[in-house]
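A.B. asks: Structure for this input, please:
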Amino acid sequence: MRVDAVEEFERHRSRLFGLAYRMLGSAEEAEDVVQDTFLRWHQASTVESPWAWLAKVATNLCVNRLTSARARRETYVGSWLPEPVLTAGGTLGPLDSAEQREFVSLAFLVLLERLNPVERAVFVLREAFAYSHREVAEIIDSSEANSRQLYSRARRRLADARGRSDRRRGDRSHHRDLVESFLAAAKQGDLPGLEKVLAEDVTVWVDGGGRVGAARRPISGASRVARYLVGSLSIAGEEVRLATAEVNGALGLLAWAGEDLVGVLVAETSNGRISGIRIVANPEKLRLSHPGALSGSLRATAPGLDPA
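C.D. replies: From the prediction side, this is the model:
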């Protein structure tokens, strides 16, 4: 393959990862899609519009993967959550607006599971990449009218499912204040302090994938959630340390036991309180991948990580 062709692909690698991750909710699978797209790029002859060609190939690869993933997730042990990624370094592209950040949040990626693969492709291409319906139609091999219909249906389904989402966005600085107050109370094992920042109907979802000891059903209620969280801050007698980092566009917490990353926690806020908490503890989802990085040196080298 020509060097200039490789360089052309590399110019689009990060954007392809962002597209595939929004489609799949898995960094590992998104990286696989990027690699598979490169292999097809390697075999292609003349391509007039590189990004349009790459986006079409990657999108269709994602649609195929989603079809099989839906069946696997129906038998998933416990709550299924997306694989978290660090985003302070621009992993998923610009996240300047509240809407851009919401669209990559763990909570919203869970909602996207309600869409069928083609609906999800249309929604992601329209919302995250500002594609016209003509461009979307070319990617999914359909008509503009069908693209409009799929997009409208996807928006209705998500609007029905989101419920309180508009109230959950909140102010970014206030969100940070709540998370830091939560962190301080959690580190001290302060149950009253935790309950003070939790909404009465707060719910926590934990994704352990059946590989670690974790709640397999959602836990609701400020008192129950606070007790569960305090009880989770030790593993086999070893204290769990917490650090803050930007995870999927929001301030989150990384949990460490010794040198091992054992969990990622991201909170949702509503009306001045934490209304939802999603914890990823499945070891297979704790790589916190982003293009060109990550290993055991995460704490020292990952962008957006602040030891606490």
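A.B. asks: Can you list the buried residues in stretch 65-81?
C.D. replies: Using 16 or more other Cβ atoms under 10 Å as the test for burial, stretch 65-81 gives 65-66, 69, 78-81. Glycine gets a C-beta too; all of them are placed from N, C-alpha and C.
A.B. asks: hmm, who's touching that stretch?
C.D. replies: Stretch 65-81 is contacted from outside by 23-24, 29, 33, 106, 110, 113, 117, 120, 205-210, 214-218, 278-280, 285, using Cβ atoms under 8 Å, 6 or more residues apart in numbering.
A.B. asks: Mark which of the buried residues of stretch 65-81 are part of helices, please.
C.D. replies: Applying DSSP state H to these, the entries found in helices are 65-66, 69.
A.B. asks: Output the residues you listed in CSV; the columns should cover pLDDT and distance to Arg153.
C.D. replies: Below are these laid out as CSV (pLDDT from 0 to 100; distance: Cβ to Cβ, whole Å):
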residue, pLDDT, distance to Arg153
Arg65, 95, 21
Leu66, 95, 16
Ala69, 86, 20
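A.B. asks: Make a markdown table out of these and add distance to Ala161.
C.D. replies: Below are these laid out as a markdown table (distance: Cβ to Cβ, whole Å):
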| residue | distance to Ala161 |
| --- | --- |
| Arg65 | 22 |
| Leu66 | 17 |
| Ala69 | 19 |
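A.B. asks: and which of the residues you listed is nearest Asn146?
C.D. replies: Comparing these against Asn146 with Cβ to Cβ picks out Leu66 as the nearest, at 18.3 Å.
A.B. asks: Distance-wise, check that closest one relative to Ala30.
C.D. replies: 12 Å (Cβ to Cβ, to the nearest Å).
A.B. asks: Equivalent analysis for Trp80, please.
C.D. replies: Applying Cβ to Cβ, the value for Trp80 to Ala30 is 16 Å.
A.B. asks: ditto for Arg157
C.D. replies: Counting by Cβ to Cβ, the gap from Arg157 to Ala30 is 23 Å.
A.B. asks: Can you list the helices and strands that the strand or helix carrying Ala267 packs against?
C.D. replies: With secondary structure defined by DSSP states H and E, Ala267 is part of strand 260-270. Applying 3 or more Cβ pairs under 8 Å, 6 or more residues apart in numbering; DSSP states H and E, we find strand 260-270 packed against helix 165-169, helix 172-188, strand 250-257, strand 273-280.
A.B. asks: The third one: how far from the chain's middle?
C.D. replies: The gap between the average C-alpha position of strand 250-257 and the chain average comes to 14 Å, counting by Cα atoms, centre = their mean, to the nearest Å.
A.B. asks: send the alpha carbons of that strand over as CSV?
C.D. replies: Output of strand 250-257 as CSV, limited to C-alpha atoms (Å, rounded to 0.1, in the frame of the first residue of the first chain):
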residue,chain,number,x,y,z
ALA,A,250,-18.4,14.0,32.4
LEU,A,251,-16.4,14.0,35.6
GLY,A,252,-16.2,10.4,36.8
LEU,A,253,-14.4,8.3,39.4
LEU,A,254,-11.8,5.6,38.9
ALA,A,255,-11.5,3.0,41.6
TRP,A,256,-8.1,1.4,42.3
ALA,A,257,-7.3,-1.6,44.5
